[in-house]
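*Asks:* here are the coordinates; sequence isn't available:
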């Protein structure tokens with residue numbers, strides 16, 4: 001049986017879901033972003049308990065088809081941003097339409113109704129999160145990151161990054177470097 005969980009977008013979220021399933025004695029086969037496949041049928045009481053427990057952790061057990069479709073959209077976008085080496089060749093509109101078998105305009109309208117923001121806004125915020133990871137962990141220059149994440153220029157990446165985070169990518173990198181190499185303490 002598959003369950004769909006809203007806001008499940010990170011490994012931390014997966015750990016929370018695993019723990020809640022274990023508490024209820026449910027056995028899972030697969031836990032992926034936004035989806036859980038459990039081995040047994042879930043009773044009404046278990047479903048209600050899981051829904052309440054997940055809600056207290058900031059997650060939401062989905063009950064409707066519209067919510068399921070929005071979670072699928074998010075999952076596809078996250079997979080493309082986080083696991084594609086060729087982001088420069090990705091057209092999100094056509095991939096979403098082709099994968100989900102619906103016109104992009106319908107998907108975008110549904111997403112906005114359910115989420116209260118646009119698919120484009122979600123893509124931008126997720127790209128910025130990925131850029132933060134690349135700055136912290138990859139050792140790539142800002143220019144290389146801009147190319148890898150399909151920005152037309154470093155200036156375009158910087159402007160978008162600053163709109164979302166309030167910092168320039170260079171300043172963010174400097175903060176990361178300061179945390180990794182704190183200034184030596186001096187004795188007075």
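*Replies:* That came in fine, so what should we check first? Keep in mind that this is a model prediction, so the values were computed, not measured.
*Asks:* Let me know how buried residue 65 is, in neighbour terms.
*Replies:* By other Cβ atoms under 10 Å, the residues close to residue 65 number 9. Just so you know, the C-beta spots here come from the backbone N, C-alpha and C atoms, and that holds for glycine as well.
*Asks:* ok, so what distance separates it from residue 79?
*Replies:* 21 Å (Cβ to Cβ, to the nearest Å).
*Asks:* in the protein, which spans are helices?
*Replies:* Residue ranges of the helices in the chain, as given by DSSP state H, are 11-23, 44-56, 65-83, 92-100, 104-115, 119-137, 142-148, 154-165, 169-180.
*Asks:* Would you mind saying which of those helices lies nearest residue 36?
*Replies:* Ranking those by proximity to residue 36 (Cβ to Cβ) places helix 11-23 first, at 6.0 Å.
*Asks:* for that closest one, packing partners?
*Replies:* Here helix 11-23 touches strand 28-32, strand 35-38, helix 44-56, going by 3 or more Cβ pairs under 8 Å, 6 or more residues apart in numbering; DSSP states H and E.
*Asks:* Please list the residues outside the second one that contact it.
*Replies:* The reference is to strand 35-38. Applying Cβ atoms under 8 Å, 6 or more residues apart in numbering, the external contacts of strand 35-38 come out as 1-5, 8, 17, 21, 26-31, 71, 75.
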